[in-house]
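Participant: Here you go, sequence then predicted model.
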Amino acid sequence: MGSYPNPIRPENFMSFPQLFRGQSVVYNVATMAIENDLDLMLRVRDGDTVSFEILLRRYRLPMVSYFRRMVRDQGLAEDLAQEVFLRVYKSRERYQPGAKFTTWLYRIATNLALNAIRDRKDEVSGTPGDDSDGGTEFERFIDPQPTVEQRLVQGDRERLIRQAVEALPENQRAAVLLHKYQEVDYRQIARILRVSESAVKSLLFRAYETLRIRLEPMLREGRI
Amino acid sequence: MKCLETEKLIGYAYRLLDEPAASLVRAHLGDCPRCREIVEQHGRLDAVLSEWKTEEPSPEFDARVRLAVEAQKSRSNAWAFRHWQWTRGLALASLAVLIIAGVVWFARGHLGVSDSSRVAEQKPRQAMGAQAPAQVANLHSLAVPGDGSLRPVQAVHGNKSAVGFTNEDKVTQALEDYDLAANFDLLSELPKGEPRVAN
């Protein structure tokens, strides 16, 4: 379960010239070893830019993909991911290692994403008749069976999945994305969304059940 | 057989249950094809959702983040420099005020009264001294008649003052008061035990 790749991969580290610029080799090799995020963040707090680079490399993909799935807009997703790293850097001196680093990171990300979604909702509601939004397309999808079949035949499964997830309410969507795609534990999701653990479970139950019903044609097809 | 709640089945499918609850569901699934079907559907859903692949960020993403961080660093440095300048200015001004206050305190407290202030205080008294003859003459006029002959005040005016002092008494008292006032500072500055210089 879970398709998210391990973010700690060799290709996620910086190139050697980049890494060793202005730093001792021994120090950088030690830093490059798999360290927990907390230690890296504490070093960033002390002004270590190499540790910040490692965190950036480690979480650039999770952040950008999380935002892409949350806000549906690639450009906006990268802007928001950039803003997350900037906020991490800005608040490095105030960072207190009380919770997991990823909890803090995803809390920043989720707040930014939810704000962006609400801002865009306001913009969309101000321009009536704009049905470029995926939701409208999704409504066409869930109703008539032939259209679904057509789309499946067209190999558009990924788009249908995306639309089904995007049609979820914001909190359910955030919970599912964090749980399914970012592989975040439900206890941690509770801290990220600032709700109780039972509330997170409830969000996940409803979201997964809704998705099961909406994507039932795909499940029935057995094309997995 | 009574089916389990959907929440429990979903919780089991997505491993959201603790172990005792999960084993209960597992035991139930062996006997209930309907519940088993729901769990299997969620298993398939999980696989279907995994088809939504992760996409790499654009190649310039890292560079953009670095640029934004560098810009933030520059802003922070500029702010820190301005802050340092203000702090330094404030510290220098405070130091200057402290030095001035210290000098004044030292001059007034340690040396008693400064020379300049002593001179300034003595000047009115010297002026008083210059006026003294006139005042004395005035006082004397109470006792000395126009012909210059010394007579008791009582003889001139023929009566005593209401409090029972003669004019001569008043003159004497006034002269003593004047001397006391004029020479007070000099008297106070004389070392103790040193005999007073006779006028």
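Facilitator: Yes, it's here.

Participant: Model confidence score at residue A:83, please.
Facilitator: We note a pLDDT of 95 for residue A:83 in this prediction.

Participant: Help me confirm that it comes into contact with residue A:112.
Facilitator: Yes: using Cβ atoms under 8 Å, residue A:83 makes contact with residue A:112 at a distance of 6.0 Å. From N, CA and C alone the C-beta is placed, and that goes for glycine too.

Participant: Would you mind listing the buried residues in stretch B:28-35?
Facilitator: B:28-29, B:32, B:35 (16 or more other Cβ atoms under 10 Å in any protein chain shown).

Participant: Just put the residues you listed in JSON lines and tack on pLDDT, distance to chain A and secondary structure.
Facilitator: What follows is the buried residues of stretch B:28-35, written out as JSON lines (pLDDT from 0 to 100; distance: Cβ to the nearest Cβ, whole Å; DSSP: H, G, I helix; E, B strand; the rest coil):
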{"residue": "B:28", "pLDDT": "93", "distance to chain A": "17", "secondary structure": "helix"}
{"residue": "B:29", "pLDDT": "93", "distance to chain A": "17", "secondary structure": "helix"}
{"residue": "B:32", "pLDDT": "92", "distance to chain A": "18", "secondary structure": "coil"}
{"residue": "B:35", "pLDDT": "93", "distance to chain A": "14", "secondary structure": "helix"}
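
Participant: Going by distance to residue A:56, which of those wins?
Facilitator: Using Cβ to Cβ, residue B:29 is the member of the buried residues of stretch B:28-35 that lies nearest residue A:56, at 44.4 Å.

Participant: quick one on the thing from earlier: I'd like the buried residues of stretch B:28-35 as JSON lines, with distance to residue B:100 appended.
Facilitator: Formatted as JSON lines, the buried residues of stretch B:28-35 follow (distance: Cβ to Cβ, whole Å):
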{"residue": "B:28", "distance to residue B:100": "89"}
{"residue": "B:29", "distance to residue B:100": "89"}
{"residue": "B:32", "distance to residue B:100": "92"}
{"residue": "B:35", "distance to residue B:100": "89"}
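
Participant: average model confidence for the helix or strand containing residue B:77?
Facilitator: Residue B:77 belongs to helix B:61-105 when assigned by DSSP states H and E. Averaging pLDDT along helix B:61-105 gives 87.

Participant: Measure how buried residue B:81 is and give me the count.
Facilitator: Counted by other Cβ atoms under 10 Å in any protein chain shown, the residues lying close to residue B:81 total 10.

Participant: same check, this time on residue A:39
Facilitator: Residues contacting residue A:39 under the criterion other Cβ under 10 Å number 13.

Participant: Which helix or which strand is home to it?
Facilitator: helix A:37-45.

Participant: For chain A, just list every one of the helices.
Facilitator: For chain A, applying DSSP state H gives helices covering A:16-20, A:25-32, A:37-45, A:49-71, A:74-90, A:101-126, A:134-142, A:145-153, A:157-166, A:170-176, A:186-193, A:197-214, A:216-221.

Participant: which of the residues in the third one are buried?
Facilitator: With burial defined by 16+ other Cβ under 10 Å, the residues of helix A:37-45 counted as buried are A:37-38, A:40-45.

Participant: out of the residues you listed, who's nearest residue A:181?
Facilitator: When the buried residues of helix A:37-45 are compared for distance to residue A:181 (Cβ to Cβ), residue A:37 wins out at 18.8 Å.

Participant: Quick one: residues contacting the closest one.
Facilitator: Residues near residue A:37 by Cβ atoms under 8 Å, 6 or more residues apart in numbering or on different chains: A:55, A:58, A:100-102.

Participant: any idea which of the residues you listed is the one closest to residue B:175?
Facilitator: When the contacts of residue A:37 are compared for distance to residue B:175 (Cβ to Cβ), residue A:101 wins out at 94.8 Å.

Participant: Next, count neighbours for the closest one.
Facilitator: Applying other Cβ under 10 Å, I find that residue A:101 has 20 neighbouring residues.

Participant: Check the spacing between it and chain B real quick.
Facilitator: According to Cβ to the nearest Cβ, to the nearest Å, residue A:101 stands 17 Å off from chain B.

Participant: quick one: pLDDT of the closest residue to that residue other than its chain neighbours?
Facilitator: Nearest-residue entry for residue A:101: residue A:37, 3.5 Å, with adjacent residues in sequence omitted and distances by Cβ to Cβ, 6 or more residues apart in numbering or on different chains. We have a pLDDT of 88 for residue A:37.

Participant: how much space between residue A:37 and chain B?
Facilitator: When distance is defined by Cβ to the nearest Cβ, residue A:37 is 17 Å away from chain B.

Participant: quick one: that residue from residue B:68, how far?
Facilitator: From residue A:37 across to residue B:68, the span is 20 Å (Cβ to Cβ, to the nearest Å).

Participant: Likewise for residue B:36?
Facilitator: Counting by Cβ to Cβ, the separation of residue B:36 from residue B:68 is 52 Å.

Participant: And for residue B:84?
Facilitator: 24 Å.

Participant: between those two, who's got more neighbours?
Facilitator: residue B:68 (16 against 10).

Participant: ok, that one touching residue A:81?
Facilitator: No: contact criterion Cβ under 8 Å: residue B:68 and residue A:81 do not qualify, at 10.9 Å.

Participant: Quickly list what's touching both of the two.
Facilitator: Counting by Cβ under 8 Å, 6+ apart, residue B:68 and residue A:81 have no shared contacts at all.

Participant: give me phi/psi at residue B:5?
Facilitator: Per-residue torsions, residue B:5: phi -60, psi 150 (degrees, to the nearest 10).

Participant: quick one: it from chain A, how far?
Facilitator: 9 Å.

Participant: Neighbours of that residue, how many?
Facilitator: 11.

Participant: Contacts only, for it.
Facilitator: Listed by Cβ under 8 Å, 6+ apart, the contact set of residue B:5 is empty.

Participant: care to break chain A down by domain?
Facilitator: A:10-127, A:134-224 (automatic domain parsing).

Participant: In TSV, list those along with distance to residue B:45.
Facilitator: Listed next are the domains of chain A as TSV, based on distance: least, Cβ to Cβ, whole Å:
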stretch	distance to residue B:45
domain A:10-127	16
domain A:134-224	5
